[in-house]
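In: I need the structure of the sequence given here:
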Amino acid sequence: MIHVMPNQTIQLTADQIDFFHREGYLTIDELTTQDDVAAIREIYDHLFETRAGRDEGRHFDLAGTDEDGREETLPQILGPHRYAPQLEKTLLLANATAVANQLLGPEATCQFAHAIFKPPRIGAATPWHQDAAYWEPAVIHRKASIWVPLQPATPENGCMQFVPRSHQSDVMPHQSIRNDPRIHGLELPATEMHRVDGAVTCPLAPGGATVHDGYTLHYTAANRTNVPRRAIILSASAGTTPRSKPRRFPWMESKQTARMVRQAKARDHASPQD
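Out: Numbers count the residues shown, from 1 in each chain. Prediction:
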């Protein structure tokens, strides 16, 4: 059977586009349908139940040291479409691509970047950070993240929060969570927390979305509710520009994670390609 991506059904207003570029984030009440959400949630739950990508270092605990047998408080899967290609035929991807083109330009591309799961009661907070702090430091990125909850997202279970206009700053100093290089996730160190000023909280219905610039400070609280908080994130990209003065990110260079060990073993055991 040949699967065809659904037609795009979303058109942003001029006010929404202006708001995103001015404030560094945008809330969209409905990016896709509830039928689409239900289908994606079934795929999502299966990926986490089977720990898809674990041996390749693509499934790991974002907020913990991630040893085998240790309880995960913020598991994530990078590139979930690698393990569920049917995600690439969803209305969500079609509409996210439309949003990317309207915000970043017709050359922008969009793909599933990662899925993040906050378990009930123990789901860890995702500390204040900028996405660009993870990325190649020698260039300036024109990227945005499209964050979509698969159940109601609330302040109690970890909806998105943003610092408006923080995208006007370059990448700020970061560190590994709890300053532990064994942890993949990043956070602002205490010396930078004065930048978190005037934060806004963005609760959403399932299938709604927030869109934020790669340089916008953002955060999600811990999940202290009795239900899981599921979120799937798409990445929109319109390319990069070389920096006039290349820089380095010591917080990434110092990483020594269990995920990196699994990733290296997977590369070593990969069959050579003809």
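
In: give me every residue that touches the most centrally placed residue in the chain.
Out: What sits nearest the mean C-alpha location of the chain, by Cα atoms, centre = their mean, is Ile233, with 4.6 Å. Residues counted as contacts of Ile233 (Cβ atoms under 8 Å, 6 or more residues apart in numbering) are 112-116, 145-148. For glycine as for every other residue, the C-beta is placed from the backbone atoms N, C-alpha and C.

In: in the helix or strand where it lies, what's buried?
Out: Using DSSP states H and E, the element containing Ile233 is strand 229-242. Residues 229-238 are the ones in strand 229-242 that count as buried (16 or more other Cβ atoms under 10 Å).

In: Same question for stretch 139-152.
Out: Quick answer for stretch 139-152 (16+ other Cβ under 10 Å): 140-152.

In: Equivalent analysis for stretch 8-15, please.
Out: 8, 10, 12.

In: Tell me where the chain has strands.
Out: In the chain, the strands defined using DSSP state E lie at 25-28, 59-61, 75-78, 109-118, 126-129, 139-149, 160-162, 175-176, 186-187, 200-202, 209-213, 218-220, 229-242.

In: Flag the shaky bits of the stretch 1-150 of the chain, pLDDT-wise.
Out: 1-5 (pLDDT under 70).

In: circling back to that earlier point, for Gln86, state which of the buried residues of strand 229-242 is nearest.
Out: When the buried residues of strand 229-242 are compared for distance to Gln86 (Cβ to Cβ), Ile232 wins out at 13.2 Å.

In: Tell me, how many residues neighbour the residue nearest to that closest one when sequence neighbours are not counted?
Out: If the residues on either side of it in the chain are set aside, Ile232 comes closest to Ala115, at 4.8 Å by Cβ to Cβ, 6 or more residues apart in numbering. Neighbourhood size, Ala115 [other Cβ atoms under 10 Å]: 28.
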